[in-house]
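Engineer: Provide a 3D model corresponding to the input given below.
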Amino acid sequence: MRPKLLDRVPPRLRAAVLRVGFNLYPSYRASGGRVVHVARDLRSIRVMLRHSWRTVNPAGAIFGGAMYAATDPMFAMLLALQLDHDVVVWDKAGQIRHRRPGRSHLYADFHIDETTVAGVREELRERGEAERVFRVELRDGHGRVHVELEKTVYCATRAHYREKLARTPAP
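Structural biologist: Next up is the predicted model:
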């Protein structure tokens, strides 16, 4: 489910277009998160979550929901960018653990390595679907961990996904 628009963008501009696209996309923008860097190879993204009146709770700390929303789509997007258009990529599950209140801007660095991508591709060839668990931390400017997140990302070939949906009984 890679954005097809990026295929029409020259490769040297894709990282910038992705960064701007995230930052202008209404639902992501509303989270308070900002993508501050996308690697040229589209394998890593850096996100900043501002500590501002839009993201804080009455206690003066960043809302947990804002922390989760600012980090939510990143691993699925990074993986989708490395796979073919005929692969469906979904966030399947997420878990968040708060270590300390966020009372300043927070940062998260997302990265997907070639070994992970190769493993997913192999599993898609063999089984038609794959799942991976990714971890990321939200840290302040001093490197202190405020939040630990774990995301489960599901991938399937379109053909496998259609078959799976057809086998699933309607509620």
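Engineer: which residues are in contact with the least confident helix or strand in the chain by mean pLDDT?
Structural biologist: One helix or strand of the chain scores below all others by mean pLDDT, DSSP states H and E: helix 158-167, with a mean of 86. Residues from elsewhere that reach helix 158-167 (Cβ atoms under 8 Å, 6 or more residues apart in numbering): 86-88, 127-129, 156. Backbone N, C-alpha and C define where each C-beta goes, glycine included.
Engineer: farthest-apart pair in these, please.
Structural biologist: Asp86 and Arg127 (15.2 Å; Cβ to Cβ).
Engineer: find the nearest non-adjacent residue to the residue most central in space within the chain, please.
Structural biologist: The residue lying closest to the centre of the chain (Cα atoms, centre = their mean) is Met74, at 1.3 Å. Once flanking residues are discounted, Met74 sits nearest to Phe110: 4.4 Å by Cβ to Cβ, 6 or more residues apart in numbering.
Engineer: which elements pack onto the helix or strand where the one you found lies?
Structural biologist: Applying DSSP states H and E as the criterion places Phe110 in strand 106-111. Under the contact definition 3 or more Cβ pairs under 8 Å, 6 or more residues apart in numbering; DSSP states H and E, strand 106-111 sits against strand 44-49, helix 64-71, helix 74-82, strand 129-139, strand 145-157.
Engineer: what are the buried residues along that strand?
Structural biologist: Neighbour-count burial for strand 106-111 flags 106-108, 110 (criterion: 16 or more other Cβ atoms under 10 Å).
Engineer: make JSON lines out of these and add distance to Thr152 and pLDDT.
Structural biologist: As requested, the buried residues of strand 106-111 are exported to JSON lines (distance: Cβ to Cβ, whole Å; pLDDT from 0 to 100):
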{"residue": "Leu106", "distance to Thr152": "22", "pLDDT": "98"}
{"residue": "Tyr107", "distance to Thr152": "23", "pLDDT": "98"}
{"residue": "Ala108", "distance to Thr152": "17", "pLDDT": "98"}
{"residue": "Phe110", "distance to Thr152": "15", "pLDDT": "98"}
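Engineer: burial count for Glu137?
Structural biologist: Counted by other Cβ atoms under 10 Å, the residues lying close to Glu137 total 18.
Engineer: I meant Pro58, not that one.
Structural biologist: 5.
Engineer: nearest to Arg54 among the contacts of helix 158-167?
Structural biologist: Val88 (32.7 Å).
Engineer: quickly find the element holding the closest one.
Structural biologist: Counting by DSSP H and E, Val88 is found in strand 87-98.
Engineer: buried ones in the longest helix seen in the chain?
Structural biologist: Using DSSP state H to assign secondary structure, the helix with the most residues in the chain is helix 114-127. For helix 114-127, the buried set under the neighbour-count rule, 16+ other Cβ under 10 Å, comprises 116-117, 120-121, 123-124.
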